[in-house]
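1. quick check, what structure comes out for this input:
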Amino acid sequence: MTDSQDTQDAPQDTAATPAGNPVAPSAAGTRTAADVVTPEVVARLTRGVVGDGKTANHTPFTGEKLADLPESTPEDVATAFERARTAQAAWARTPVKQRAAVLLRFHDLVLRRQAEVLDLIQLETGKARLHAHEEVQAVAVAARHYGRKAPSYLRPKGHTGVVPTLTKVTELRQPRGVVGQIAPWNYPFELSVGDALPAFVAGNAVVMKPDTETALTALWAREQLIEAGLPPEVWQVVIGDGPVVGPEIVKHADYVSFTGSTRTGREVARGAADRLVGCSLELGGKNAMLVLHDADVEKAASGAVRGCFSSAGQLCISIERLYVHESIADDFVQRFAARTKAMRLGNSLAYGADMGSLVGERQLETVTRHVEEAVAKGARLVAGGSPRPDIGPFFYEPTILDGVQAPMAVCAEETFGPVVSLYRFSDEDEAIARANATPYGLNSSVWTKDGRRGRAVAARLRTGTVNVNESYAAGYGSAQAPMGGMGDSGLGRRHGSEGILKYTEAQTVAHQRIMPLAPSFGMTDEKYAAFMSTSLRVMKALRLR
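-> Got it, this is the predicted structure:
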């Protein structure tokens with residue numbers, strides 16, 4: 001993912017409201033929802049959905065209905081798994097290099113047609129276009145990485161057998177079968193197809209339940225992947241309410257991939273455990289950013305804007321707790337607040353806005369509750385703190401709170417919105433301890449001019465990713481390295497070898513040659529035991545592993 005553009009470069013013609021954040025101007029001729037989501041487009045994209053019911057999604061920009069969508073029943077989910085299971089057998093027999101080539105062609109289609117999916121992402125999530133582009137970048141990186149690396153990740157690997165030369169051992173990687181994927185609304189492109197790509201190239205089929213409100217984005221991805229060469233039946237899509245369709249996904253899957261809340265993640269894990277199938281879960285976070293005494297204050301302030309307010313804070317790895325050394329705190333707060341107050345809010349399908357909308361009423365209620373309760377209990381608003389219905393029904397200003405302390409809800413609960421709490425510290429050990437004082441452990445950020453010191457602090461933070469002099473993009477975007485959470489932030493990893501091998505079963509094939517691992521050639525049991533004991537001593541002396 002890329003960094004958000006600096007607010008200090010805002011154009012001079014930005015139209016400001018009497019108070020609060022300015023509004024980004026809409027360019028003449030900007031497309032509307034009606035221009036993008038036509039009946040023809042909806043019919044084309046939903047052709048592969050299993051289900052004859054009817055539901056709908058809505059755009060956060062106005063709250064109005066965006067499209068009528070098919071709705072799936074539990075019986076439809078079972079049908080989708082049957083179709084996927086039939087198709088998966090042939091797909092698994094396809095050579096891995098051919099499967100990988102599909103991902104590379106998909107990579108090119110996404111970049112060539114990115115304007116189409118950017119419009120859909122914006123309309124379905126309400127995010128600014130530059131933040132939507134982060135999803136395009138992340139998907140392209142994942143497609144390229146697994147398109148190039150999958151053959152080496154999945155190739156047979158030889159191992160030393162129990163008796164060298166006599167025992168030949170090969171580790172194979174077999175696809176699990178049909179992966180059940182439950183994708184969230186906040187990053188509907190990256191967290192749908194981005195997570196499915198390694199499953200496909202590993203030889204699996206996928207039955208996916210995207211969030212209803214962001215289903216068109218996932219369906220657009222499916223259309224492109226099919227054009228790139230994926231057999232259509234290998235990717236099945238079902239749409240419906242989470243409590244209805246979600247458990248059915250878990251009920252039928254050979255492996256479950258889930259991204260969402262910690263509460264729901266626990267339910268998914270219990271369902272998978274009951275069936276003795278594996279699962280990977282990326283869950284909530286209360287991510288911390290540490291600004292050390294020697295940090296470049298200007299760069300840290302710019303990084304805090306990106307880390308706290310990208311996608312209106314509706315990013316699992318965004319920053320909600322900001323710890324600043326007391327020696328630079330006043331300077332940092334002044335610069336951070338100025339940048340935050342200058343952020344341009346907007347709802348047009350074009351570049352130019354620094355932040356978009358919250359996704360819906362529930363997120364707006366949570367943000368409003370957290371901020372109002374904190375202020376009522378003594379916290380101070382440094383910036384923001386107000387909804388912006390003049391722009392759209394779910395817009396809320398990027399907000400900085402100072403003086404937050406327990407038992408304010410915003411202190412410990414995940415807000416998942418454009419709200420960050422400021423804390424000062426005097427001792428580095430204290431800051432690390434406070435950053436770790438949470439059940440979550442997804443992402444964190446450290447800012448310092450001393451890279452070695454930053455990495456040393458990073459190693460002491462209990463989070464799956466730590467970014468030094470960056471908020472989240474460097475860690476997430478490095479697709480060769482694993483990404484995931486500790487503690488209540490989840491199980492398993494995406495990206496790297498772990499991100500694809502989790503979709504496989506390890507199979508050991510051991511070929512014993514010349515003599516068995518048992519008394520032979522006339523040996524008595526006693527002589528065989530003595531022979532093996534001597535052999536074991538020799539292998540240790542030869543430092544065999």
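2. in the stretch 151-300 of the chain, which spans are helices?
-> Here the stretch 151-300 of the chain has its helices, by DSSP state H, counting those that start in this stretch, at 193-201, 215-227, 242-252, 262-275, 297-309.
3. residue 388 is nearest to which of those helices?
-> Closest of those to residue 388 is helix 297-309, at 13.6 Å (criterion: C-beta to C-beta). C-beta coordinates here come from the backbone N, C-alpha and C atoms, glycine included.
4. partners of the helix or strand following the closest one, with directions?
-> Sequence order places strand 319-325 as the next helix or strand after helix 297-309, per DSSP states H and E. Looking at strand 319-325 with DSSP bridges, its partner strands are strand 287-291 (parallel), strand 419-425 (parallel).
5. contacts for the helix or strand following strand 319-325?
-> Per DSSP H and E, the first helix or strand lying C-terminal to strand 319-325 is helix 329-341. Residues from elsewhere that reach helix 329-341 (C-beta atoms under 8 Å, 6 or more residues apart in numbering): 6-8, 21, 291, 295, 297-298, 300-302, 304-305, 309, 324, 382-384, 398, 400, 402, 422, 424.
6. filter those residues to the buried ones?
-> 7, 21, 291, 295, 297, 300-302, 304-305, 309, 324, 382-384, 398, 400, 402, 422, 424 (16 or more other C-beta atoms under 10 Å).
7. ok, now how distant is the residue nearest the centre of the chain from residue 485?
-> With distances taken as C-alpha atoms, centre = their mean, residue 191 lies nearest the centre of the chain, 5.3 Å away. As judged by C-beta to C-beta, to the nearest Å, residue 191 and residue 485 stand 14 Å apart.
8. cool, residue 198 as well?
-> Here the criterion is C-beta to C-beta. By it, residue 198 lies 18 Å from residue 485.
9. same thing with residue 62?
-> As defined by C-beta to C-beta, residue 62 lies at a distance of 34 Å from residue 485.
10. between those two, point out the one with more neighbours.
-> residue 485 (28 against 17; other C-beta atoms under 10 Å).
11. that one against residue 462, yeah?
-> No. Residue 485 is beyond contact range of residue 462, at 10.0 Å (criterion: C-beta atoms under 8 Å).
12. which neighbours do those two share?
-> Joint contacts of residue 485 and residue 462 (C-beta under 8 Å, 6+ apart) are residue 441.
13. neighbours around the spatially closest residue to residue 321 that is not a sequence neighbour, how many?
-> Among residues not flanking residue 321 along the chain, residue 288 sits closest, at 4.4 Å (C-beta to C-beta, 6 or more residues apart in numbering). Counted with other C-beta under 10 Å, residues neighbouring residue 288 total 27.
14. give me the beta-bridge partners of residue 288?
-> Under DSSP bridges, the beta-bridge partners of residue 288 are residue 321, residue 444.
15. quick one: it and residue 166, what's the gap?
-> To residue 166, residue 288 is 54 Å away according to C-beta to C-beta.
16. what is the subsequent helix or strand relative to whichever strand or helix holds residue 400?
-> If you go by DSSP H and E, residue 400 is part of strand 399-402. Counting by DSSP H and E, the element after strand 399-402 in chain order, helix or strand, is helix 409-412.
17. now do that following helix, average pLDDT.
-> What helix 409-412 shows for mean pLDDT is 96.
18. from the rest of the structure, what touches it?
-> 286, 369-371, 373-374, 379, 401, 404-406, 419, 421, 438.
19. could you export that helix as PDB, CA atoms only?
-> Extracted in PDB, the C-alpha atoms of helix 409-412 (Å, rounded to 0.1, in the frame of the first residue of the first chain):
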ATOM      1  CA  ALA A 409     -14.200   3.500  25.900                       C
ATOM      2  CA  VAL A 410     -11.900   5.000  23.400                       C
ATOM      3  CA  CYS A 411      -8.900   4.200  25.600                       C
ATOM      4  CA  ALA A 412      -9.100   0.400  25.100                       C
END
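20. that one: how far from the chain's middle?
-> The chain centroid and the centroid of helix 409-412 are separated by 23 Å, computed with C-alpha atoms, centre = their mean, to the nearest Å.
21. now stretch 290-302
-> 26 Å.
22. just the helices of the stretch 151-300 of the chain: most buried one?
-> Of the helices of the stretch 151-300 of the chain, the one with the most neighbours on average (mean count of other C-beta atoms under 10 Å) is helix 193-201, at a mean of 28.
23. who are the packing partners of that one?
-> The contact analysis (3 or more C-beta pairs under 8 Å, 6 or more residues apart in numbering; DSSP states H and E) places helix 193-201 against helix 96-112, helix 129-154, strand 178-182, strand 205-209, helix 215-227, strand 255-259, helix 496-501.
24. what does it rub up against?
-> Residues from elsewhere that reach helix 193-201, judged by C-beta under 8 Å, 6+ apart: 91, 96, 99-100, 102-103, 106, 135, 138-139, 142-143, 146-147, 150, 154, 179, 181, 183, 187, 206, 208, 218, 221-222, 225, 230, 234-235, 257, 259, 494, 499-500, 503.
25. residues in contact with residue 94?
-> Taking C-beta under 8 Å, 6+ apart, we find residue 94 in contact with residue 203.
26. quick check, pLDDT for it.
-> So, for residue 94, pLDDT stands at 98.
27. do the same with the one 10 residues further on
-> Listed pLDDT for residue 104 reads 98.
28. and what of the one 3 residues further on?
-> According to the model's per-residue confidence, residue 107 sits at a pLDDT of 98.
29. was I right about it contacting residue 148?
-> No. Counting by C-beta under 8 Å, residue 107 stays clear of residue 148, with 10.0 Å between them.
30. what residues are up against residue 360?
-> 58, 60, 213, 394.
31. repeat that for residue 35.
-> With C-beta under 8 Å, 6+ apart, residue 35 has no contacts at all.
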